[in-house]
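K.L.:
Would you be able to build a 3D model of this:
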Amino acid sequence: MDFPDGTDLPVTLADVEAAQRTLEGVIARTPIEQSRALGRITGSSVSFKCENLQRAGSFKVRGAYNRMAQLTEAERARGVVAASAGNHAQGVAVAAARLGIAARIYMPLGVALPKLAATRGHGAEVVLHGHNVDEALAEAKKYADETGAVFVHPFDNVDVVAG
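P.N.:
Just a heads-up that it's a prediction; the model follows:
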């Protein structure tokens, strides 16, 4: 896959190794489990990385924390904003709480109530907006532009992907 800058992959091994160092002691070291049933079905070895055991319930806390740990003090003071229907929202909320950064998360109307409650429970301010994640993302970007809060994209950022 080619990216606009001509590289094949914008995230390098060095980026991933740096993220690993940043995340050391912050996130849980989760096990890898083999699935004999799926292995038989596919005729290969199938493994699961049990990221559901992370505090936020998914791997998303890795990228959110790695991204937010790179922020300057001035950026941290402005807070962060994100949009998600669940896992990224919780990851940003957990990372923000751990780093002492204010977080505003836009979630679509009709978001699953457990996801909403968990995001709020991790300390983030939640704003319900739009009927889907794309509408929530647009509003989060607008908020970032208007306030200077740092937008934490759910996937389109080297630090997020490296995490």
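
K.L.:
Any stretches of the chain with poor pLDDT?
P.N.:
Applying pLDDT under 70 to the chain picks out residues 1-9.

K.L.:
Show me where it has its strands.
P.N.:
32-34, 47-49, 80-83, 103-107, 125-128, 150-151 (DSSP state E).

K.L.:
hey, which helix is longest across the chain?
P.N.:
helix 133-147 (DSSP state H).

K.L.:
now for that helix, which elements pack on it?
P.N.:
strand 80-83, strand 103-107, strand 150-151 (3 or more C-beta pairs under 8 Å, 6 or more residues apart in numbering; DSSP states H and E). C-beta here means a position set from N, CA and C on the backbone, and glycine is covered the same way.

K.L.:
what's that helix in contact with?
P.N.:
Here helix 133-147 makes contact (C-beta atoms under 8 Å, 6 or more residues apart in numbering) with 78-79, 81-85, 104-108, 127, 129-130, 149-151.

K.L.:
That one to strand 103-107, inter-axis angle?
P.N.:
Per axes from the mean of the first three to the mean of the last three C-alpha atoms, to 10 degrees, the angle that helix 133-147 makes with strand 103-107 is 150 degrees.

K.L.:
can I get the CA coordinates of helix 133-147 in CSV?
P.N.:
Only the C-alpha atoms of helix 133-147 are listed here, as CSV (Å, rounded to 0.1, in the frame of the first residue of the first chain):
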residue,chain,number,x,y,z
VAL,A,133,-19.7,7.7,14.2
ASP,A,134,-19.0,9.8,11.1
GLU,A,135,-21.3,12.6,12.4
ALA,A,136,-19.7,12.4,15.9
LEU,A,137,-16.2,12.5,14.3
ALA,A,138,-17.1,15.7,12.3
GLU,A,139,-18.4,17.3,15.5
ALA,A,140,-15.2,16.3,17.4
LYS,A,141,-13.0,17.8,14.7
LYS,A,142,-15.1,21.0,14.8
TYR,A,143,-14.7,21.2,18.5
ALA,A,144,-10.9,20.7,18.2
ASP,A,145,-10.7,23.5,15.6
GLU,A,146,-12.7,25.9,17.7
THR,A,147,-11.0,25.2,21.1
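
K.L.:
Quick check: buried residues in it?
P.N.:
133, 136-137, 139-140, 143-144 (16 or more other C-beta atoms under 10 Å).
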